[in-house]
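Next one to model:
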Amino acid sequence: MKLQCEVEVVNRMLPTYGLKNRGKGTRAVLSIGRHFDKTTQRNNIYLMICTAKDKAGSKYKLKENIEKFFTWFVDEGKATVRLKEPAVDVCLSKADANSLKNFLSAARLAHRGSDNDTLPLSTLTPVRARDVEKPKKRLVIMSKKDYPLTSNFPYSLEQLQVSYCKLSRVDMRMLSLKCLRRLDLSNNHIKKLPATIGDLGCLAELVLHNNHLEAFSEALCLSSLQRTLQHLDLSQNRLRALPAQFCQLRELVNLKLDDNRLVRLPFRIGCLSKLRFLSAAHNQLPFLPSDFRKLSLENLDLFDNPFTQANPLDHTMQLTFPLTLQEMASRAVLNLRIPYGPRVLPAHLCRELDLAKTCFCSRACLSSYIQTAVSMNLHLVSHTVVLVDDMGGTEAPVQRHFCSLTCYSEYLDSCLQRGLR
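Residues are numbered from 1 along each chain as shown. Have a look, this model is predicted:
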């Protein structure tokens with residue numbers, strides 16, 4: 001039985017002599033195994049602690065020699081084993097929680113004198129230097145020849161960059177790195193993202209710059225990334241659209257979408273209330289979604305998009321007379337703020353309600369509406385705006401929706417009163 005973690009052996013007698021412990025853990029390998037005791041001429045079960053300075057290891061007898069286990073924080077990878085002789089506390093930290101629980105169970109069995117055949121014992125041999133090295137937090141691989149083929153990535157990695165390795169897919173070994181906070185797979189040939197990226201529960205930064213991505217899956221938008229992802233770089237790919245569920249990634253602060261083939265931005269982009277930096281230059285955007293006006297950005301770059309000329313009189317009529325029963329009921333649910341969900345309504349109705357449009361009068365409309373585009377100065381949503389064209393413009397067309405002819409007429413009247421033609 002072996003365990004890798006940080007260990008501090010605290011001598012409980014030191015305060016008696018006016019001395020203090022160092023108070024800092026050291027990377028170590030702990031083993032529970034059988035050792036021949038020359039004093040008693042018998043095999044006994046020992047705990048051996050090996051560190052970089054003491055690769056041969058220090059041994060402590062376990063049978064009837066543990067005074068107490070302190071396991072209040074075992075789920076955080078911390079525990080203490082108090083020994084009777086010598087009078088020391090073995091303080092463990094930064095261990096894998098499940099491995100630590102198994103190790104403590106084995107130590108408890110050894111203390112009780114359980115049959116050796118029931119214990120997962122290890123050989124008590126000196127460790128190699130690499131076994132007691134400090135856990136690696138950051139790894140950068142910038143060429144295919146450096147890419148590991150036969151060995152795993154260090155489990156302790158918090159930052160991993162793999163670039164210029166011609167990867168055509170995400171290596172599943174990366175998705176077992178539960179401490180990963182930053183994953184940079186830029187400058188590869190990745191075409192599709194596995195939904196299991198969403199299982200990386202600490203991932204705050206995902207960089208996929210310059211790949212061959214054609215889609216960003218709905219599953220990723222509904223994964224644990226909703227709670228962790230703050231920086232997302234999808235620039236220089238082949239994306240034509242992002243799913244409506246993309247706006248569930250509400251922790252996003254920085255979003256890069258430059259140099260794709262986007263013909264629209266997510267309809268509910270205004271839900272990204274924490275978004276501060278947005279760049280979607282060099283795409284195929286004809287207009288911005290109506291929700292765009294809800295953003296509050298520090299920096300915005302929409303340069304080189306084929307924005308259409310906004311004219312409130314040019315409109316698309318999708319109104320039906322009379323309104324369908326489904327349209328009326330859906331509007332009522334949203335306007336009256338009636339709670340809904342998959343347990344109450346069919347999933348496809350929930351999706352339609354989630355994509356409802358907001359009229360000029362602040363009421364909802366779904367499949368029956370009038371659509372037009374109006375010009376908006378981008379400084380209304382961002383402190384700093386990169387010019388949208390070579391002519392020095394900072395305005396772009398934004399969609400507007402109207403639930404009825406009455407609302408559309410009132411809007412045109414207000415435009416005329418402001419001198420808009």
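
From E6, how far off is K134?
Using C-beta to C-beta, to the nearest Å, one obtains 9 Å as the distance from K134 to E6. Quick note: C-beta positions are derived from backbone N, CA and C, even for glycine.

which of the two has more neighbours?
Here K134 and E6 are compared on neighbour count by other C-beta atoms under 10 Å; more neighbours surround E6, at 19 against 10.

what about the nearest residue to the more buried one once chain neighbours are set aside, neighbour count?
Excluding its sequence neighbours, the residue lying closest to E6 (C-beta to C-beta, 6 or more residues apart in numbering) is G25, at 3.4 Å. G25 is flanked by 16 other residues according to other C-beta under 10 Å.

re earlier: anything in contact with each of K134 and E6?
Common neighbours of K134 and E6 (criterion: C-beta atoms under 8 Å, 6 or more residues apart in numbering): R27.

give me the element the residue nearest the centre of the chain is part of.
Residue closest to the average C-alpha location in the chain (C-alpha atoms, centre = their mean): L203, at 3.1 Å. Assignment of secondary structure by DSSP states H and E places L203 within no helix or strand.

Look up how far V140 lies from it.
17 Å.

State the three-state secondary structure for P15.
Under the three-state scheme (DSSP: H, G, I helix; E, B strand; the rest coil), P15 adopts helix.

Tell me how far it lies from K61.
Computed as C-beta to C-beta, the P15 to K61 distance reads 24 Å.

Of the two, which one has the most company?
Between P15 and K61, counting by other C-beta under 10 Å, K61 is the more crowded of the two (20 against 10).

wait, doesn't that one sit right on Y46?
Yes: taking C-beta atoms under 8 Å as the contact criterion, K61 and Y46 are neighbours in contact, 5.7 Å apart.

This protein - how does it break down into domains?
2-131, 135-284, 315-376+396-417 (automatic domain parsing).

helices or strands next to the longest strand along the chain in the packing?
When every strand of the chain is counted residue by residue (DSSP state E), the longest turns out to be strand 26-37. Where contact means 3 or more C-beta pairs under 8 Å, 6 or more residues apart in numbering; DSSP states H and E, strand 26-37 is packed against strand 2-11, strand 42-51, helix 97-111.

Low-confidence regions, the stretch 201-350 of the chain specifically.
Filtered on pLDDT under 70, the stretch 201-350 of the chain yields no residues whatsoever.

how about the strands in it?
Taking DSSP state E, counting those that start in this stretch as the criterion, the stretch 201-350 of the chain contains strands spanning 205-207, 231-233, 254-256, 277-279, 297-301, 315-317.

Relative to G77, which of these is closest?
The closest approach between G77 and any of those, judged by C-beta to C-beta, belongs to strand 205-207 at 23.8 Å.

hang on, the earlier thing: which one of the helices and strands packed on strand 26-37 lies closest to L278?
Among the helices and strands packed on strand 26-37, the nearest to L278 by C-beta to C-beta is helix 97-111 (38.4 Å).

Dump that closest one to CSV, restricted to CA.
What follows is helix 97-111 as a C-alpha-only set of coordinates in CSV (Å, rounded to 0.1, in the frame of the first residue of the first chain):
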residue,chain,number,x,y,z
ALA,A,97,-8.9,11.8,-1.0
ASN,A,98,-9.9,8.3,-2.1
SER,A,99,-6.3,7.0,-1.9
LEU,A,100,-5.9,8.6,1.5
LYS,A,101,-9.0,6.9,2.8
ASN,A,102,-7.8,3.5,1.6
PHE,A,103,-4.4,4.1,3.1
LEU,A,104,-5.9,5.0,6.5
SER,A,105,-8.1,1.9,6.4
ALA,A,106,-5.0,-0.3,5.8
ALA,A,107,-3.1,1.5,8.7
ARG,A,108,-6.1,0.9,11.0
LEU,A,109,-6.1,-2.8,10.1
ALA,A,110,-2.4,-3.1,10.7
HIS,A,111,-2.8,-1.4,14.1
